[in-house]
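> Return a 3D structure for these sequence lines:
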Amino acid sequence: MTQMEQIGAFLEEHRLAMLELWKELVNMESYVGEPENVEKVLWRLKEEFEKESFSCRIQDVGGGWAGTLVGIWGEENGGKPILFSGHLDTVFPKGSWGENPFRIEGDKAFGPGALDMKGGAVISLYAIKALKHLGYQESPIKIIFSGNEEKGHQGSTGAEVFLQEGKNCLFAFNMETGLMDGCLCVGRKGHLGCRVTVEGVESHAGNDFESGRSAIEEAAHKVLAIQALTDLEEGTTVNVGVIQGGTVPNAVAGSCQMDVDIRVLQEVGRQRVKAAIPQIVEHCQVEGTRGHVVFEKDAPIYETDEKVEKFYSYVCRAAEQEGFPVPGRKVLGGFSDAAYISLAGTPVICSFGVQGEWNHTKREYASVPSLAQRARLICAVVLHQKEF
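The predicted structure follows:
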């Protein structure tokens with residue numbers, strides 16, 4: 001048998017074990033806002049990697065958030081490690097899907113995090129198991145799995161862990177959601193978020209209308225001006241996604257606030273928008289109102305640089321040589337920790353995880369066959385590493 005035939009046989013032999021671990025991790029619900037539950041999943045996965053002789057720790061990131069699982073195997077092999085990365089938190093509060101939410105219908109798996117991204121964690125573990133089954137010893141293998149990615153590492157040192165631990169690796173598989181068309185992600189937009197608050201003067205809309213200064217009216221001017229900062233050619237989108245203001249219909253609104261989502265493909269777009277929004281907020285058209293802005297998120301761009309291009313070309317060659325479909329490529333709008341790994345200087349490709357659709361919704365599902373398919377592709381890439 002060839003090496004890839006042995007890999008395929010190993011994964012088929014362990015197909016049920018892969019599914020059982022997937023089911024267990026999903027049923028261990030791990031909403032990012034419930035760090036004690038996320039920690040349980042981190043410790044459970046730590047246990048599995050330690051069975052494979054990984055030296056692991058769960059690094060505290062502060063802020064009351066769940067930590068980050070970091071581990072390494074085979075340091076004696078020498079050379080730069082190969083990195084598997086991702087996260088184990090989800091966006092669904094415990095109980096959102098009922099008891100024991102994991103289920104399989106046909107070729108689809110459902111449940112909180114089945115797709116985003118506990119399937120990717122299972123693929124990582126079993127790709128490594130399969131490589132070790134062959135006696136792989138070419139490079140060390142490293143893992144980083146975050147417990148608070150879904151909040152963008154706000155209020156924690158989670159990003160710093162990726163920047164530090166992601167250094168000096170040969171290449172990295174970021175095990176985020178795989179795309180159903182088979183494409184891999186070679187770039188992601190940076191993410192900015194801000195909250196705009198407008199203060200006016202509250203009054204009775206019937207008896208004392210003229211004394212009021214409507215915060216909602218002023219916010220309407222600002223919404224239009226902020227949304228107009230979108231520049232699709234530049235790759236910048238600006239969306240006022242949530243707006244709240246006023247108390248009752250017969251009162252002139254004394255306050256209003258809105259949450260703004262900004263995605264940027266180029267640094268010039270980030271700087272342009274960050275400079276423009278405070279100017280829009282400070283300039284009020286309704287006399288007697290005033291505005292204030294706080295930027296709450298500022299995630300970096302995952303750039304499609306020369307290192308990413310080289311790694312992507314190598315992945316395509318390895319896939320072609322082993323008879324796998326050659327994956328296409330996409331640049332996506334959603335953030336991932338691939339950005340920090342890239343900033344650390346390591347070539348990284350994202351969306352190597354289980355394939356599926358509808359992240360962050362109750363429609364979220366993962367393709368069951370892709371669990372083994374992605375593990376095989378990853379093994380092929382690693383086994384061809386001398387050609388990188």
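> Next up, identify which helix or strand residue 374 is on.
Following DSSP states H and E, the helix or strand that holds residue 374 is helix 369-383.
> Mind giving me the packing neighbours of that helix?
helix 3-13, helix 15-27, helix 119-133, helix 306-321, strand 355-357 (3 or more CB pairs under 8 Å, 6 or more residues apart in numbering; DSSP states H and E). For every residue, glycine as well, the C-beta is placed using N, CA and C.
> contacting residues around stretch 259-276?
Here stretch 259-276 makes contact (CB atoms under 8 Å, 6 or more residues apart in numbering) with 187, 189-196, 226, 229, 231, 234-243, 277, 295, 301, 331, 333.
> If we use 7 Å, what do you get?
Defining contact as CB atoms under 7 Å, 6 or more residues apart in numbering, one finds that stretch 259-276 is touched by 189-196, 226, 229, 231, 234-242, 301, 333.
> Any idea how far apart the tips of stretch 318-328 sit?
When the termini of stretch 318-328 are compared using CA to CA, to the nearest Å, they are 14 Å apart.
> model confidence over that stretch, on average?
Here the mean pLDDT over stretch 318-328 is 96, rounded to a whole number.
> Now that stretch: buried residues?
Of the residues in stretch 318-328, those with enough neighbours to count as buried (16 or more other CB atoms under 10 Å) are 318, 319, 322, 324, 327.
> can you check stretch 29-40 too?
29, 30, 31, 32, 33, 34, 35, 37, 38, 39, 40.
> ok so the first one is a strand residue?
The one in question is residue 29. No - Residue 29 is assigned coil when assessed by DSSP: H, G, I helix; E, B strand; the rest coil, not a strand.
> that older thread, and the buried residues of stretch 29-40, which two are the farthest apart?
Within the buried residues of stretch 29-40, two members stand farthest from each other by CB to CB: 33 and 40, at 14.6 Å.
> contact partners of the one helix or strand in the chain whose mean pLDDT sits lowest?
Among the secondary structure pieces of the chain, namely its helices and strands, strand 290-299 has the lowest mean (mean pLDDT, DSSP states H and E), a mean of 92. Around strand 290-299, the neighbours that count as contacts under CB under 7 Å, 6+ apart are 152, 154, 190-199, 222, 277-278, 281-282, 284, 335, 339.
> Write the PyMOL selection for whichever of those residues are buried.
When burial is assessed using 16+ other CB under 10 Å, the buried subset of these is captured in PyMOL by this command:
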select buried, resi 152+190+191+192+193+194+196+197+198+199+222+277+281+284+335+339
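> ok now the helix holding residue 374, how far from the chain's centre?
Using CA atoms, centre = their mean, to the nearest Å, the distance from the centre of helix 369-383 to the centre of the chain it belongs to is 21 Å.
> so what's residue 349 closest to, chain neighbours aside?
When the adjacent residues along the chain are set aside, residue 349 lies closest to residue 184, with 5.2 Å between them (CB to CB, 6 or more residues apart in numbering).
> List the contacts of the one you found.
In this structure, residue 184 makes contact with 312, 315, 327, 329, 349, 351, 352, judged by CB under 7 Å, 6+ apart.
> In TSV: those residues, plus distance to residue 2.
Output for the contacts of residue 184, formatted as TSV (distance: CB to CB, whole Å):
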residue	distance to residue 2
312	25
315	19
327	21
329	27
349	24
351	27
352	22
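> Which of the residues you listed fall in helices?
Among the contacts of residue 184, the subset assigned to helices under DSSP state H consists of 312, 315.
> between the contacts of residue 184, which is nearest residue 92?
Sorting these by distance to residue 92 puts residue 351 at the head of the list, at 20.6 Å, by CB to CB.
> and the closest one, how many residues sit next to it?
28 (other CB atoms under 10 Å).
> for residue 257, same thing?
17.
> that's a helix at it, yeah?
No - according to three-state DSSP, residue 257 belongs to no helix; its state is strand.
> beta partners of it?
Each beta-bridge partner of residue 257 is listed here, defined by DSSP bridges: residue 197, residue 244.
> My read is that residue 380 contacts residue 4, right?
Yes - using CB atoms under 7 Å, residue 380 and residue 4 qualify as a contacting pair, with a distance of 6.2 Å.
> So which of those two has more stuff around it?
In this view residue 380 and residue 4 are compared by other CB under 10 Å, and residue 380 has more residues nearby, 21 against 18.
> what sits against the more buried one?
Taking CB under 7 Å, 6+ apart as the contact definition, residue 380 lies against 4, 318, 319, 322, 324.
> would you list the residues you listed in TSV and tack on distance to residue 116?
TSV is the format used below for the contacts of residue 380 (distance: CB to CB, whole Å):
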residue	distance to residue 116
4	28
318	26
319	24
322	27
324	24
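> List just the nearest of these to residue 212.
Distances from the contacts of residue 380 to residue 212 were compared by CB to CB; the smallest belongs to residue 319, at 64.5 Å.
> Hmm, the closest one is touching residue 328, no?
No - the pair residue 319 / residue 328 is not scored as a contact, 11.0 Å apart, by CB under 7 Å.
> Quick one: residues contacting residue 175.
84, 85, 86, 117, 120, 121, 123, 124, 352, 353.
> and what of residue 368?
The neighbours of residue 368, taking CB under 7 Å, 6+ apart as the test, are 104, 107, 108, 109.
> Out of the residues you listed, grab the one that's most surrounded.
Neighbours were tallied for each of the contacts of residue 368 (criterion: other CB under 10 Å), and the maximum of 26 neighbours falls on residue 109.
> any idea which helix or strand carries that residue?
With secondary structure defined by DSSP H and E, residue 109 is part of strand 108-110.
> by contact count, what packs against that strand?
strand 365-367 (3 or more CB pairs under 7 Å, 6 or more residues apart in numbering; DSSP states H and E).
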